[in-house]
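> give me a model of this one.
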Amino acid sequence: MLLAIEEFDAIHGGGIIGQAALLSNQAGGGNRCSRDVGRRSARRRLNRGVVLRARRVASMFRRLSAALVAAALLAGPALAQDPNAPPPTEAHYATARAMIADRQKIVTPNGIQLLEQVNLNGLPQWVSIRGADKANPVIIYVHGGPGATEMGRSWPYQQGWEDYFTVVQWDQPGAGKTLRSAGEAANRAHLSRAQMTRDLLALIDDVRTRVGARKVILLGHSWGNVIALDAAMARPDLVAAYVGVGPLLSLRANEAAQYEALLKIAAERKDEAALAELKALAPYPGDGEIPFAKVNVVRKWVMAYGGLAAYRDNADFYFRAARLSPLYDYADRLAIDQGGQLSVPALLPDMAEVDHTKIAATKFPVFMFLGRHDITTPSSVIEPWLTRLKASKKELVWFEHSAHLPPHEEPGKFLVELVEEVRPLAVEKLAK
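Next comes the predicted model:
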């Protein structure tokens, strides 16, 4: 049984962007720090004490997460100091999850901690809403994949966010707990770009009603950027700020840039195996339908070259995070893998038609949070678009030691950027 957990957590992760074996991700280079678009005008408006507290929380949080994991696993016989100890079982993971849940319990008087199904356009979908103060700005995390739920993987970094935001995690149709509870047939009926955008808009209204918020911050990661930006463009009056994290703007442009980057890396490394496999795909992505098998080969080499997680040839720390999530059990984790296998083929035709680079202007502030080493969603597609974009505020924020997973790879910096740059705009909108 544990072997099955190992295989599915380490190899699969759900989604075209988020899976390692089905579809993996990233790589790249460079090592300079810059902000090419926008300046830090928001910082001047932000209370200095809030910034300092955020920095302290960020610096402590990585150490705290590691300590929680170590302490939790000591509840079972799998002691790190003893190489002969038996591996942890699902029961030990359950004990660890209970300990982490107790540590992360929201106890503040005006806090909120919900995990429940919400009926969104006829499909019951799982939503987590957590925060220390319901008066804080709302941030809705729209996960990638498709099918690569973040709800079960966000626990290592999210607690710090909850001091400054009301954080909403949503298992989309075809993902995680939503897939598990409603079943494949009901989920499949919602697997289209247009329907998932409608579901997100319904979720925004539900959350606004629950906490009394006028507007929300939308954060779209990878594929999640597609439906999150669609929703923001449809209802800009509901959006305090938009954050794209490794955003997918145009699948065809993305795949072409990714393919070119991989060929360059393979040639520099004299990697004959990679060159042979990649050249056999030409022309890629081509003008017609993008074959799933070709996408799979490209993601394989992106992963191998340190893409999904910078400086690594795998992202096991990310895929396995759901094992210790208080919000996920074993059956939920199985649904992550199943969700990728269901969602990717169903949504690939829709994804092939995506081209958000045609968006010329927005009525809301736009932030792009990019990993310097990300070639899953190459910055060569994103930067020119952001430069052209007309918005009341726009800013490009680099994460120098990240690829496609900045919240996981640089959790401290990510929190500081959210608090310093994005939160002030949301607070202003709440005050108006």
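> now the helices for the stretch 51-200 of the chain?
90-103, 155-161, 176-182, 184-188, 193-211 (DSSP state H, counting those that start in this stretch).
> averaging pLDDT over each of those, which comes out lowest?
Of all the helices of the stretch 51-200 of the chain, mean pLDDT reaches its minimum on helix 90-103 (a mean of 93).
> buried set for it?
Neighbour counts over helix 90-103 (16 or more other Cβ atoms under 10 Å) mark His92, Tyr93, Ala94, Thr95, Ala96, Arg97, Met99, Ile100 as buried. (Glycine included, C-beta is placed from N, CA and C.)
> the fifth one contacts Ala321, correct?
It refers to Ala96. No. Contact criterion Cβ atoms under 8 Å: Ala96 and Ala321 do not qualify, at 11.9 Å.
> the helix or strand that contains Ala273 packs against which elements?
For Ala273, the host element (DSSP states H and E) is helix 272-279. Judged by 3 or more Cβ pairs under 8 Å, 6 or more residues apart in numbering; DSSP states H and E, helix 272-279 is in contact with helix 251-269, helix 292-304.
> cutoff 6 Å now
Contacting helix 272-279 under the criterion 3 or more Cβ pairs under 6 Å, 6 or more residues apart in numbering; DSSP states H and E are the following elements: helix 251-269.
> so where do the helices sit in the stretch 301-432 of the chain?
316-319, 330-352, 379-388, 406-409, 411-417, 423-431.
> next one: the first one to chain centre, how far?
Averaging C-alpha coordinates over helix 316-319 and over its chain gives two centres that are 13 Å apart (Cα atoms, centre = their mean, to the nearest Å).
> again, but for the fifth one
Relative to its chain's centre, helix 411-417 lies at 14 Å (Cα atoms, centre = their mean).
> now for that helix, which elements pack on it?
Against helix 411-417 (3+ Cβ pairs under 6 Å, 6+ apart) you get helix 48-73.
> for the first one, same thing?
Using 3+ Cβ pairs under 6 Å, 6+ apart, the elements in contact with helix 316-319 are helix 2-11.
> now with 10 Å?
helix 2-11, helix 330-352, helix 406-409 (3 or more Cβ pairs under 10 Å, 6 or more residues apart in numbering; DSSP states H and E).
> got it, and the third one?
The helices and strands touching helix 379-388, judged by 3+ Cβ pairs under 10 Å, 6+ apart, are helix 251-269, strand 366-371, strand 394-399.
> before we move on, back to that, would you mind giving the helices of the stretch 301-432 of the chain as TSV with distance to Ala182, mean pLDDT and mean neighbour count added?
Shown next, in TSV, are the helices of the stretch 301-432 of the chain (distance: least, Cβ to Cβ, whole Å; pLDDT from 0 to 100; neighbours: other Cβ atoms under 10 Å):
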stretch	distance to Ala182	mean pLDDT	mean neighbour count
helix 316-319	24	94	20
helix 330-352	11	92	21
helix 379-388	34	98	17
helix 406-409	27	98	24
helix 411-417	31	98	21
helix 423-431	32	80	19
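> CSV please, covering those helices and showing distance to Leu262.
Below are those laid out as CSV (distance: least, Cβ to Cβ, whole Å):
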stretch, distance to Leu262
helix 316-319, 21
helix 330-352, 19
helix 379-388, 13
helix 406-409, 20
helix 411-417, 26
helix 423-431, 37
